[in-house]
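# task: produce atomic coordinates for the following.
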Amino acid sequence: MRLDVEQCVQQYIMNKIKPNFAEIGRRYGVDPRTVKRYYNLGLTPPDEQPQPLRRPSKLDDYRKTIEEKVLEGCSATAIYLRIKLARFPYEKTLADFDFSYQPGINQGTIEDLGSLRFTQENQNILFIGTSGVGKTHLATAIGIEGCKQGISTQFIRCSDLINKLQTAQVQGRSEEVLRRYVRFQILIIDEIGYLPIESVGAKLFFQLIERRYERKSTIITTNIPLSKWGNTFSDKMLANAILDRLVHHAKVIRITGRSYRMKDHLIEKKDNSGPDLSGFSSQNKERSSETL
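Reported below is the predicted structural model:
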């Protein structure tokens, strides 16, 4: 089902209002029976929903998070829907983050962001650092916390967002898609800088950021310094305008540590760095040295 239809039905479920399936079907151009099936599925707690024969979904990873919030009195259905619709790439929490491996990060600052106080003032967050240092982990963890607290949240990679905006413009639906991404209280845009953005995409991206400015919170992850954004957006003036709105009310977190993806490799390399000569006598060591 399309994301806009899912979000519409979610609002009815969370407000405990039974929707007019035929009206929603006409509005979005879908079969009313499809809308009804999704509505009935949303009313059923996740552990009671029929399980189709399929490969395990990444949503299964969120079961522990959902169970924890249910114990605190939250609605399992509401949490399940918010996490599902947010489209996170995986489940990560701040408790999972190894701050000892990235000592340059202020743990207190990150935990404060996890309290979601920044959303009350519509502040943004920018995570800047090279590949593998934990930017997406932290952004996802904050987003999942937002879902747990009832805040509308959406995760999307920058390249996917640009493609959706450009496709919508070709189809004459750019206004509809822009409104969709504007209304999320927390919008996480991941991996800015990995791929160049052409002029049309850059202008659409600027419109999105402009509409969210001082109204919603946007979380950005990027692997390039802010001074190099002009190269990514193919227009330095437009890049500066985008940055001006993102950074004005923002927490900028620069991560300069090592890559988590290389962590195990470096440990293995260290362990295999050389032979253990502790069992050799001094005479054997001398002979070995002479042979070399």
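
# where are the low-confidence patches of this protein?
Scanning the chain for pLDDT under 70 picks out 1-2, 43-76, 263-292.

# can you give me the strands in it?
Under the criterion DSSP state E, the chain contains strands at 124-129, 153-157, 186-192, 217-222, 250-255.

# quick one: the third one to strand 153-157, angle?
This means strand 186-192. Computed by axes from the mean of the first three to the mean of the last three C-alpha atoms, to 10 degrees, the angle separating strand 186-192 from strand 153-157 equals 10 degrees.

# Serialize the strands of the chain to CSV and add fields for mean neighbour count and distance to S234.
For glycine as for every other residue, the C-beta is placed from the backbone atoms N, C-alpha and C. As requested, these are exported to CSV (neighbours: other C-beta atoms under 10 Å; distance: least, C-beta to C-beta, whole Å):
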stretch, mean neighbour count, distance to S234
strand 124-129, 22, 20
strand 153-157, 21, 19
strand 186-192, 23, 13
strand 217-222, 25, 16
strand 250-255, 16, 23
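
# in TSV: these, plus distance to V200.
As requested, these are exported to TSV (distance: least, C-beta to C-beta, whole Å):
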stretch	distance to V200
strand 124-129	24
strand 153-157	18
strand 186-192	17
strand 217-222	20
strand 250-255	26
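
# which stretch among these comes nearest G104?
strand 250-255 (6.7 Å; C-beta to C-beta).

# neighbouring contacts of the closest one?
102, 104-105, 109-110, 113, 118, 123-130, 133-135, 138 (C-beta atoms under 8 Å, 6 or more residues apart in numbering).

# hmm, 6 Å instead?
124-129, 133 (C-beta atoms under 6 Å, 6 or more residues apart in numbering).

# between those residues, which is nearest R82?
So of these, ranked by how close each gets to R82 (C-beta to C-beta), first place is I125, at 19.2 Å.

# my guess is the closest one contacts T221, does it?
No - I125 sits out of contact with T221 when judged by C-beta atoms under 6 Å, with a separation of 9.1 Å.

# coming back round to it: closest one to F205 among the strands of the chain?
Closest to F205 of these, according to C-beta to C-beta: strand 186-192, at 8.7 Å.

# what angle separates the closest one from strand 217-222?
10 degrees.

# check the offset of strand 186-192 from the chain's centre.
6 Å (C-alpha atoms, centre = their mean, to the nearest Å).

# likewise for stretch 230-246?
22 Å.

# same check on stretch 208-218?
On C-alpha atoms, centre = their mean, the centre of stretch 208-218 falls 17 Å from that of its chain.

# keeping just the C-alphas, turn it into PDB.
What follows is stretch 208-218, C-alpha atoms only, in PDB (Å, rounded to 0.1, in the frame of the first residue of the first chain):
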ATOM      1  CA  LEU A 208      11.500  20.900   1.400                       C
ATOM      2  CA  ILE A 209      14.000  22.300   3.800                       C
ATOM      3  CA  GLU A 210      12.500  25.800   3.400                       C
ATOM      4  CA  ARG A 211       9.100  24.600   4.300                       C
ATOM      5  CA  ARG A 212      10.400  22.600   7.400                       C
ATOM      6  CA  TYR A 213      12.500  25.500   8.600                       C
ATOM      7  CA  GLU A 214      11.600  26.600  12.200                       C
ATOM      8  CA  ARG A 215       8.500  24.400  11.900                       C
ATOM      9  CA  LYS A 216       9.800  20.800  12.200                       C
ATOM     10  CA  SER A 217      13.000  19.000  13.100                       C
ATOM     11  CA  THR A 218      15.300  17.500  10.500                       C
END
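
# what's in contact with it?
Outside stretch 208-218, the residues that reach it (C-beta under 6 Å, 6+ apart) are 119, 122-124, 178, 181-182, 185-187, 242, 245.

# tell me the bridge partners for L126.
Taking DSSP bridges as the rule, L126 bridges to I220, V252.

# so it sits against T222, correct?
No - at 7.1 Å, L126 and T222 do not qualify as touching, with contact defined as C-beta under 6 Å.

# looking at the contacts of stretch 208-218, which is nearest K148?
Once C-beta to C-beta is applied, the member of the contacts of stretch 208-218 that ends up nearest K148 is I186, at 12.0 Å.
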